[in-house]
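Trainee: need a structure here:
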Amino acid sequence: MTTELGSPARRLAEIRRVRPADAARMRALRLEMLADAPLAFLETLADAAARPHNEFAARVAYTSAGPNNAQFVADPGGRLVGHAGGTVTPDEPGLTVIYAVYVTPTWRGSGLLGDLIDGVADWSRACGRPELLLEVVVGNDRAYRAYQRLGFKDTGVRVPHPTIPALNELQMRRPA
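Mentor: The predicted model follows:
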């Protein structure tokens with residue numbers, strides 16, 4: 001799957017499951033994600049930057065295969081420009097929880113977000129899980145609207161943010 005970005009120089013990004021060889025580029029993207037959107041992810045930039053490369057490499061290897069946890073990346077060649085992960089939940093066997101969704105600023109509005117979500121959805125269906133769930137920080141209206149455009153519906157469920165007690169997250173679902 002590829003996405004075209006309409007700009008003076010058209011660029012394409014392949015959407016694919018992360019590979020062990022992507023570890024260094026995934027680390028760079030993770031640090032960018034945390035610097036750009038610190039409330040959206042479950043660790044701080046300082047913690048991630050201090051983590052040794054071999055830990056990033058192990059995580060990438062773990063999510064590169066298997067039915068329980070996967071990471072998908074947008075790869076135009078060179079640096080990675082987008083990410084979306086998916087994982088199982090023991091409470092609902094037919095559900096994939098989407099996590100760590102990110103599109104680098106210069107690629108926002110290109111359709112890349114939908115392609116990344118579609119990558120997770122395809123994997124989810126192939127693993128026998130027909131439904132997707134994600135959480136958005138209450139007040140992040142830009143992300144909320146983007147997910148609505150992709151078919152996600154607000155469930156009305158609000159949960160505490162896992163690391164920042166003053167914030168809540170809202171849950172959204174859609175078919176995979």
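Trainee: when you work out contacts or count neighbours from here on, use the C-alpha atoms and nothing else.
Mentor: Will do.
Trainee: and L12, how far is that from A61?
Mentor: Using Cα to Cα, to the nearest Å, we find L12 at a distance of 25 Å from A61.
Trainee: repeat for A84
Mentor: In terms of Cα to Cα, A84 sits 15 Å off from A61.
Trainee: who has more neighbours out of the two?
Mentor: Neighbours per residue, other Cα atoms under 10 Å: of A84 and A61, the larger number sits with A84, 25 against 18.
Trainee: what residues are up against that one?
Mentor: If you count contacts by Cα atoms under 8 Å, 6 or more residues apart in numbering, A84 has them with Q71, F72, V73, I98, Y99, A100, V101, Y102, L116, I117, V120.
Trainee: if you set the cut-off to 7 Å instead, what comes out?
Mentor: Q71, F72, V73, I98, Y99, A100, V101, Y102, L116, I117 (Cα atoms under 7 Å, 6 or more residues apart in numbering).
Trainee: same question, V18
Mentor: Counted by Cα under 7 Å, 6+ apart, V18 has contacts V60, S64, Q71, F72, V73.
Trainee: okay, these in CSV with secondary structure next?
Mentor: Converted to CSV, these look like this (DSSP: H, G, I helix; E, B strand; the rest coil):
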residue, secondary structure
V60, helix
S64, coil
Q71, strand
F72, strand
V73, strand
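Trainee: doesn't A49 belong to a helix?
Mentor: Yes: assessed with three-state DSSP, A49 lies in a helix.
Trainee: that one - how many residues pack around it?
Mentor: 14.
Trainee: put the buried members of the contacts of A84 into a PyMOL selection.
Mentor: Buried subset of those, written as a PyMOL selection, criterion 16 or more other Cα atoms under 10 Å:
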select buried, resi 71+72+73+98+99+100+101+102+116+117
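Trainee: keep only those of the contacts of A84 that are in strands.
Mentor: Among these, the members found in strands (DSSP state E) are Q71, F72, V73, I98, Y99, A100, V101, Y102.
Trainee: dump those residues to TSV, plus distance to R27 and pLDDT.
Mentor: Formatted as TSV, these follow (distance: Cα to Cα, whole Å; pLDDT from 0 to 100):
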residue	distance to R27	pLDDT
Q71	13	96
F72	14	97
V73	12	97
I98	19	98
Y99	16	95
A100	13	94
V101	15	96
Y102	13	96
